[in-house]
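J.: sequence isn't available, so here's the structure alone:
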């Protein structure tokens, strides 16, 4: 299939953000073209999913395909943090979500892209975008080059979805609007193991997370494959360790710092070379503008402690598709849709950012993360943080000063996390409290952070929310 000379929507990037957005748009009858420089399947890290990803798969008509594929079922998480252990089972507090999957991303992403193609998106793999052309500040065309080709094809479009991952074509080359969070300038190192000795009280399929002084470990079981075992360390700690040792030595030394990980790997063997990647957290000043939407890692990236990467990617892809579908059907103005997308996506990101930061703070400051006691370090406006939680934390609306509101929020988040972990600590006691107001309130609170709040009219922003019936789009809240 040849690249078209014109399309309604051009999506750059075929990962979870781009494939999700393209699939939803194609299902709405939008002419959408997706290009990716890679040929799928291709390797990618980020193998542990939040349960909300499964709901998005259901909404895009792909759930059965993924359920049949045979991915490792993920019932929850096993946290060993500063010597304390919590077994977090999805749904045990009565929330919406019961399980998720641990996935081989080369397979998961390929299935998503195949689904986008199956429902009508024009998908072109092995095609790079050499340049984006603008008309009075609005992106209007892309110079695309297929692998092995010498000449570029000009593809004109009405709207652009940049889902180009951490390369962030629009943000890094044209907008120059990416800001890094100094606290979470991390480096990840990982490999794949066989023969691990899992803790007896860790539910099969759970992700295992264990803290060390300057970072934390993950162990992610994958169906019919070796287990992914990686460490996340602050860049400064990693660089200091590398001055006196090889990558393999740094990895082994970090394993020894966690008794849980040392026991896990004592009789196991590493069966692949180690890989490394910079896990620098960042966000862009704006996620949408004149004729464009930034989606997934092209817009923002967060410390992977809570496995948020694929969730935020698919969530933003759905948001972008809903916004564009309503623009093209003239249900909302372009300005309204862009503002809704910016605010909704940023709020989802900020809620996770506060969650991660509060978890680090409330449960033992970790060496290089000890500076994470003020959200100002993230170069995020206190007012934005406040707005992200107005519908979730009582009392914020009554505090005029944004900094004081943020302080109140951090205290409330810490209390909620402590309450959540305390409820899960004693499984016998938990069984007797299921259905109580306290448990239900706690479950709703974290569903709003880890779920799909954009689908609720009660969580509308500027009078808009995402509706999936009878068509995907932005819906106005009915006047009372």
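T.: Perfect, I can see it now. It should be emphasised that the depicted structure is a prediction, and the values quoted were computed from it without experimental measurement.

J.: mind listing the helices for the chain?
T.: 16-27, 52-59, 63-69, 105-118, 235-242, 247-256, 259-265, 309-328, 334-362, 382-388, 402-425, 427-433, 437-450 (DSSP state H).

J.: got the angle between the last one and helix 52-59?
T.: Read it as helix 437-450. Helix 437-450 runs at 70 degrees relative to helix 52-59, counting by axes from the mean of the first three to the mean of the last three Cα atoms, to 10 degrees.

J.: mind giving me the packing neighbours of helix 437-450?
T.: Contact here means 3 or more Cβ pairs under 8 Å, 6 or more residues apart in numbering; DSSP states H and E; on that basis helix 437-450 packs against helix 334-362, helix 402-425. C-beta: built from backbone N, CA, C; applies to glycine.

J.: contact partners of stretch 443-462?
T.: 50-52, 55-56, 93-97, 306, 311, 315, 318-319, 322, 336, 339-340, 343-344, 347-348, 351-352, 355, 391-392, 416, 420, 465-468, 475, 477-478 (Cβ atoms under 8 Å, 6 or more residues apart in numbering).

J.: how many neighbours does the residue nearest to residue 157 when sequence neighbours are not counted have?
T.: Once flanking residues are discounted, residue 157 sits nearest to residue 10: 4.0 Å by Cβ to Cβ, 6 or more residues apart in numbering. Neighbour count for residue 10, taken as other Cβ atoms under 10 Å: 29.

J.: next up, the contacts around residue 10.
T.: Contacts of residue 10 by Cβ under 8 Å, 6+ apart are 32-35, 142, 155, 157, 159-161.

J.: domain map for this structure?
T.: As assigned by automatic domain parsing, the chain contains the domains 6-47+104-177+285-330, 180-279, 354-476.

J.: what's the closest of those domains to residue 85?
T.: Closest to residue 85 of those is domain 180-279 (Cβ to Cβ; 7.9 Å).

J.: how long is the closest one from one end to the other?
T.: 11 Å (Cα to Cα, to the nearest Å).

J.: what's the nearest residue to the residue nearest the centre of the chain if we skip its chain neighbours?
T.: The centroid of the chain falls nearest to residue 309 when counting by Cα atoms, centre = their mean (2.5 Å). Leaving out its chain neighbours, the residue that sits closest to residue 309 by Cβ to Cβ, 6+ apart is residue 46, at 4.5 Å.

J.: can you get me a residue count around the one you found?
T.: 21.

J.: repeat that for residue 461.
T.: There are 18 residues near residue 461, going by other Cβ under 10 Å.

J.: deepest of the domains of the chain, which one?
T.: domain 6-47+104-177+285-330 (a mean of 22; mean count of other Cβ atoms under 10 Å).

J.: so for it, mean pLDDT?
T.: In this model, domain 6-47+104-177+285-330 has an average pLDDT of 98.

J.: before we move on, what about stretch 468-475?
T.: 96.

J.: and it, end to end?
T.: Terminal residues of stretch 468-475 are spaced 9 Å apart (Cα to Cα).

J.: ok, now stretch 197-205?
T.: Taking Cα to Cα, stretch 197-205 runs 13 Å from one end to the other.

J.: just how off-centre is that stretch within its chain?
T.: Chain-centre distance of stretch 197-205: 25 Å, with Cα atoms, centre = their mean, to the nearest Å.

J.: and stretch 239-255, how far from the chain's centre?
T.: 28 Å.

J.: contacts for that stretch?
T.: Contacts of stretch 239-255 (Cβ under 8 Å, 6+ apart): 189, 191, 212, 215, 217, 231, 233, 238, 261-262, 265, 274, 276.

J.: one more time with 10 Å, if that's ok
T.: 187, 189-191, 210, 212-217, 229-234, 237-238, 261-262, 264-266, 270, 273-276, 368 (Cβ atoms under 10 Å, 6 or more residues apart in numbering).

J.: pLDDT on that stretch, on average?
T.: Per-residue scores along stretch 239-255 average to 97.

J.: likewise for stretch 90-99?
T.: Mean predicted lDDT for stretch 90-99 stands at 71.

J.: repeat that for stretch 73-81.
T.: 93.

J.: in it, which residues are buried?
T.: 74-81 (16 or more other Cβ atoms under 10 Å).

J.: strands - which of the contacts of residue 10 land there?
T.: 32-35, 142, 155, 157, 159-161 (DSSP state E).

J.: so can I have TSV of those residues showing distance to residue 328?
T.: Shown next, in TSV, are the ones in strands among the contacts of residue 10 (distance: Cβ to Cβ, whole Å):
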residue	distance to residue 328
32	11
33	15
34	17
35	20
142	19
155	18
157	12
159	8
160	14
161	13
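
J.: could you find the closest non-adjacent residue to residue 192?
T.: residue 226 (3.7 Å).

J.: rewinding a little: distance check, the residue nearest to residue 309 against residue 413.
T.: Distance, residue 46 to residue 413, using Cβ to Cβ, to the nearest Å: 25 Å.

J.: ditto for residue 119
T.: 39 Å.

J.: about what we covered before: you'd agree the residue nearest to residue 309 is up against residue 302?
T.: No. Using Cβ atoms under 10 Å, residue 46 is not in contact with residue 302, being 11.4 Å away.

J.: shared neighbours, the two?
T.: Common neighbours of residue 46 and residue 302, using Cβ under 10 Å, 6+ apart, are 308-309.

J.: how far does stretch 410-425 sit from its chain's centre?
T.: For stretch 410-425 - counting by Cα atoms, centre = their mean - the centre lies 22 Å from the chain centre.

J.: do stretch 65-80 as well
T.: 17 Å.

J.: and what of stretch 194-201?
T.: 27 Å.

J.: same question, stretch 191-200
T.: With Cα atoms, centre = their mean, you get 26 Å for stretch 191-200.

J.: please begin residue numbering at 56 from this point
T.: Okay, using 56 as the starting number, the last item reads as stretch 246-255.

J.: for that stretch, what is the average pLDDT?
T.: Stretch 246-255 comes out with an average pLDDT of 98.

J.: and the end-to-end length of that stretch?
T.: 23 Å.

J.: tell me the bridge partners for residue 91.
T.: Counting by DSSP bridges, residue 91 is bridged to residue 180.

J.: scratch that, residue 274 is what I was asking about
T.: With DSSP bridges as the rule, residue 274 is bridged to residue 263, residue 284.

J.: same question for residue 193.
T.: Beta-bridge partners of residue 193, as defined by DSSP bridges: residue 190.

J.: surely it touches residue 344?
T.: Yes. Counting by Cβ under 10 Å, residue 344 is a contact partner of residue 193 at 8.6 Å.

J.: shared neighbours, the two?
T.: residue 215.

J.: how far away is the nearest residue to residue 358 once chain neighbours are set aside from residue 70?
T.: Spatially, and ignoring its direct neighbours in sequence, residue 358 is nearest to residue 239 (4.4 Å; Cβ to Cβ, 6+ apart). Taking Cβ to Cβ as the criterion, residue 239 is separated from residue 70 by 21 Å.
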